[in-house]
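Undergrad: Just to be clear, the model below is a prediction. Sequence and coordinates:
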Amino acid sequence: MFVDVGCFSNGITGWGVSIHDQRGMTIFSSCRSENITVEPLLAEVLGVRWAIHVVIEQGISSVSINSDAANVVNCLNNKSKFAAIEIVLYDCKELMSGMSNFLIQFVRREQCPNCVLRLFVLA
C-alpha cells in the first residue's frame, strides 16, 4: 500500500491511498480532501492513520504501508518522537495492534512509480 499527502496553497489538504497485490496490480485506490490547513508533518500522519482505517475497512489484516514521510515512519517504528503528532501516532499504533502483520516503511517519492499523489483530482 502506498499513501501520500498534498498540502495545497488554497487551504485544501488531500490524501491518497493505493493498495496493490503481490504482483503489483492495483486492487483498491481512494483519495479524499478537506478544507483544512495543517503543517505537513501533521498532514502526513493523518494520511497514515486514514490509510490504516482503509486497510481495516477492506478487511486486510496483513499490510506493508509505504510512505515518503520519513519522520512519521520513524515515529511509528519507535526511532524518533515529535510531540506535535503524538496523539495521532497513538491512534495509529492502537489501530496497528489489531492487525496480524503490519509494516510501515519509508520510500522516496521517485521510488514509487505510481505515486498516489497522481490520484488527486481537486477543484
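TA: It's in. Numbers count the residues shown, from 1 in each chain.

Undergrad: Please save the CA atoms from stretch 61-72 in CSV.
TA: Listed next in CSV are the C-alpha coordinates belonging to stretch 61-72 (Å, rounded to 0.1, in the frame of the first residue of the first chain):
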residue,chain,number,x,y,z
SER,A,61,-5.1,-7.9,8.3
SER,A,62,-1.5,-8.0,6.8
VAL,A,63,-0.1,-5.0,5.1
SER,A,64,3.0,-3.1,4.3
ILE,A,65,2.5,0.7,4.1
ASN,A,66,4.9,2.8,2.1
SER,A,67,5.2,6.5,2.7
ASP,A,68,7.6,9.2,1.7
ALA,A,69,7.2,10.8,5.2
ALA,A,70,10.4,9.7,6.9
ASN,A,71,9.6,11.4,10.2
VAL,A,72,6.2,9.7,10.5
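
Undergrad: And that stretch, what's buried?
TA: Buried residues in stretch 61-72, counting neighbours by 16 or more other CB atoms under 10 Å, are found at V63, I65, N66, S67, D68, A69, N71, V72. C-beta here means a position set from N, CA and C on the backbone, and glycine is covered the same way.

Undergrad: Check the average confidence over it, would you?
TA: The average of the pLDDT scores along stretch 61-72 is 93.

Undergrad: From the chain's centroid, how far away is that stretch?
TA: Relative to its chain's centre, stretch 61-72 lies at 6 Å (CA atoms, centre = their mean, to the nearest Å).

Undergrad: Please identify which helix or strand holds the spatially most central residue of the chain.
TA: Among the residues of the chain, the one closest to the centroid is V48, at 2.9 Å (CA atoms, centre = their mean). V48 is located in helix 40-57, with elements delineated by DSSP states H and E.

Undergrad: same question, I19
TA: Applying DSSP H and E as the criterion places I19 in strand 13-20.

Undergrad: Return the list of helices and strands in contact with that strand.
TA: Strand 13-20 sits against strand 2-7, strand 26-34, helix 40-57, with contacts defined as 3 or more CB pairs under 8 Å, 6 or more residues apart in numbering; DSSP states H and E.
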